[in-house]
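S.K.: I'll drop the sequence and a predicted model, then ask my questions.
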Amino acid sequence: MWESIRSFLDVQLFKVGSASITLGGVLYFAILLLLLLMATSRIRKWLVGKALARTSLDVGARQAIGSIFQYSAVLLGLLIILQTAGIDLTTLNVVAGALGVGLGFGLQNVASNFVSGLIILLERPVKVGDRIEVGDVEGDVVEIRARSTTVLTNENIAIILPNSKFISEPIINWSYNDTTVRFSIPVGVSYGVDVRLVEDLLLRVAWDNSDVMKHPEPVVRFIDFGDSSLNFELRVWSTTLMHRKGKLRSDLNFAIYKTFAEHHIPIPFPQRDIHIIGGVDVRTDKDRPSPPQAPPAAPPEKRS
């Protein structure tokens, strides 16, 4: 039985140059490749979760190092498996050239995303845990893979973006250096109010909010004289609600409205004065009274 199995596995499938590819060689390559992927994945998880966790590196740096290690180990292991399988790598030059042409035409997006993923892991403009905005997508980066990056929104929706999007388009990274972010709350009040009182009330609202940082201190800026209002801006810093910017703005707006109402400070709405200089008859022909009709003309007199 063993001899029959060996003869079955030695069946030649095709040839690459002078190397003969058998069924046993294909199975050997597939099993070793599967073991290689499993081993590198487990080592990456151990490296990120335990070994590098004892260092001062942040989560993004640990994830980047783990991913680069996994890609390098898979590439090196793949070359070793090909050699041990009896395949001479010099015979793969023609195949590599054909694959290069295929990558240039049919797989150019995949190759572009893969190279972009390596650039992201090395330069780290975006890392795991960052709060980013790319186009209409805003959320937290939860995973960076070779081809794509996963962003989790506040609605708990995972959006998978191709890595080339992070290279070719502008990115807003709210936590690139740290998680301290400044928020600007625009406020308009009616003409005639005490502007210093408005400043004091806005600062009081900011200091009473527990999510607003006390250093740097909140400030109020008198922006300009609008058409219908005096325009102010409350500027505050926060590090706790960087991932929930809408909640901080909502809390401050609620408090501002309540405080202004208690001190009888009106918040205006746009108003316009309309002066009518002349009128235009817009009635239709059906609505207009019909003009008076001329009496019928008398018949001409007959001469005898």
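M.R.: Great, that's in hand. Because the structure is a prediction, the values reported are computed rather than measured.
S.K.: residues near L121, how many?
M.R.: Look at L121: counted by other C-beta atoms under 10 Å, it has 22 neighbours. (Each C-beta comes from the backbone N, C-alpha and C, glycine too.)
S.K.: doesn't it fall inside a helix?
M.R.: Yes: applying DSSP: H, G, I helix; E, B strand; the rest coil, one finds L121 inside a helix.
S.K.: read off the pLDDT value for it.
M.R.: In the prediction, the pLDDT value recorded for L121 is 78.
S.K.: give the contact list for the residue nearest to it when sequence neighbours are not counted.
M.R.: Excluding the flanking residues, the one nearest L121 by C-beta to C-beta, 6 or more residues apart in numbering is A64, at 4.5 Å. With contacts defined as C-beta atoms under 8 Å, 6 or more residues apart in numbering, the neighbours of A64 are 121-122, 124, 127, 144.
S.K.: F232 now?
M.R.: Contact partners of F232, counting by C-beta under 8 Å, 6+ apart, are 186-189, 198-199, 202, 220-223.
S.K.: quick check: PyMOL command selecting the buried ones in the residues you listed.
M.R.: Buried residues within those, by 16 or more other C-beta atoms under 10 Å, are selected in PyMOL with:
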select buried, resi 187+188+189+198+199+202+220
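S.K.: helices - which of the contacts of F232 land there?
M.R.: In this view, these that belong to helices under DSSP state H are 198-199, 202.
S.K.: same list (the contacts of F232) but as JSON lines, adding pLDDT and distance to G246.
M.R.: What follows is the contacts of F232, written out as JSON lines (pLDDT from 0 to 100; distance: C-beta to C-beta, whole Å):
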{"residue": "P186", "pLDDT": "94", "distance to G246": "15"}
{"residue": "V187", "pLDDT": "95", "distance to G246": "17"}
{"residue": "G188", "pLDDT": "94", "distance to G246": "20"}
{"residue": "V189", "pLDDT": "94", "distance to G246": "23"}
{"residue": "V198", "pLDDT": "95", "distance to G246": "24"}
{"residue": "E199", "pLDDT": "95", "distance to G246": "25"}
{"residue": "L202", "pLDDT": "96", "distance to G246": "19"}
{"residue": "V220", "pLDDT": "96", "distance to G246": "22"}
{"residue": "R221", "pLDDT": "95", "distance to G246": "22"}
{"residue": "F222", "pLDDT": "95", "distance to G246": "26"}
{"residue": "I223", "pLDDT": "94", "distance to G246": "22"}
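S.K.: let's see which of the contacts of F232 end up in strands.
M.R.: Secondary structure from DSSP state E places 186-189, 220-223 of the contacts of F232 in strands.
S.K.: going by distance to V74, which of the contacts of F232 wins?
M.R.: Distance to V74 across the contacts of F232 (C-beta to C-beta) is lowest for P186, with 52.1 Å.
S.K.: ok, which stretches of the stretch 101-250 of the chain are strands?
M.R.: For the stretch 101-250 of the chain, the strands identified by DSSP state E, counting those that start in this stretch occupy 131-134, 137-144, 148-152, 158-162, 172-173, 181-189, 219-225, 230-238, in order along the chain.
S.K.: pull the residues that contact the fourth one.
M.R.: Strand 158-162 is touched from outside by 109, 113, 116, 134, 137, 139, 142, 147-153, with contacts defined as C-beta under 8 Å, 6+ apart.
S.K.: where does that strand sit relative to the chain's centre, distance-wise?
M.R.: On the basis of C-alpha atoms, centre = their mean, to the nearest Å, strand 158-162 is displaced by 8 Å from the centre of the chain it belongs to.
S.K.: just to revisit the earlier point, closest to N253 among the ones in helices among the contacts of F232?
M.R.: Taking C-beta to C-beta as the measure, N253 sits nearest to L202 out of the ones in helices among the contacts of F232, at 11.4 Å.
S.K.: pretty sure the closest one contacts V220?
M.R.: Yes: counting by C-beta atoms under 8 Å, L202 touches V220, with 4.8 Å between them.
S.K.: and for these two, which residues touch both?
M.R.: Here L202 and V220 have 232, 234 as joint contacts, going by C-beta under 8 Å, 6+ apart.
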